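>>> Build the 3D model from these lines:
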Amino acid sequence: MRFRHLGRGWTQLAAAAVADDGDLADLDPWARAALDDLTGLETGWAAAAEGTTLAHGDVRADNVLLARDRVVFVDWPWACVAKPWFDLVTMLPSVALNGGPPPESVLASHPVTRDADPGDITAVVASLAGMWTYLCRQPGPPGLPTIRAFQRAQGEVTLTWLKARITFGG
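A predicted model of the protein is given here:
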């Protein structure tokens, strides 16, 4: 897999907390309390997503064009091979943000996830939540004034989804 930040968000937040160079006071209380568990969970995302299906890697509303008789996926710099459900899982937070159903309801009824290992999906969701949560806390890059707000919104939806999928210590 070729994703630079996926699988490292919670780990980087935990490292900042240990080094005392990152103020995590505004981090979701559940995530802050589960940070060690989340770092462990996200490390398994690459193995969980490993597969042989061509995946876009960044399916979201602005990378999909609807034509009269077809759907066209654009902007493919994150293309990779993955499990058949990878694009579905990674796009569901965007679907929810654009007024669609909650991620878990789509996931539960979609045929591509019928035989998927729930633990594999949870590892990818955890990694996504960590990536968005970490990235939205970084300084904004020049010329992209809305990127951190977009990442924060994605992180909030994904973290809510993750909380619904798992309970640590219970």
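
>>> What distance do you get for Ala34 to Ala129?
From Ala34 across to Ala129, the span is 11 Å (CB to CB, to the nearest Å). Every residue, glycine included, has its C-beta placed from N, CA and C.

>>> For Ser127, which non-adjacent residue is closest in space?
Take Ser127 and drop its neighbours on the chain: the residue closest to it by CB to CB, 6 or more residues apart in numbering is Trp45, 3.7 Å away.

>>> neighbours of that neighbour, just the number please.
Neighbours of Trp45 under the rule other CB atoms under 10 Å: 24.

>>> which phi and psi does Phe73 have?
phi -100, psi 130 (degrees, to the nearest 10).

>>> Same question for Ala82.
Torsion angles, degrees, to the nearest 10, at Ala82: phi -160, psi -180.

>>> list the contacts for it?
Ala82 makes contact with 1, 49-51, 53, 55, 57, according to CB atoms under 8 Å, 6 or more residues apart in numbering.

>>> so the residue nearest to Ser127 sits right up against Gly9, yeah?
No: counting by CB atoms under 8 Å, Trp45 does not reach Gly9; the two are 10.4 Å apart.

>>> and for these two, which residues touch both?
Common neighbours of Trp45 and Gly9 (CB under 8 Å, 6+ apart) are Ser127.

>>> Now do the contacts for Pro102.
Pro102 neighbours (CB under 8 Å, 6+ apart): 96, 161.

>>> whoops, Glu42 was the one
Going by CB under 8 Å, 6+ apart, the list of residues near Glu42 reads 7-11, 123, 126-127, 130.
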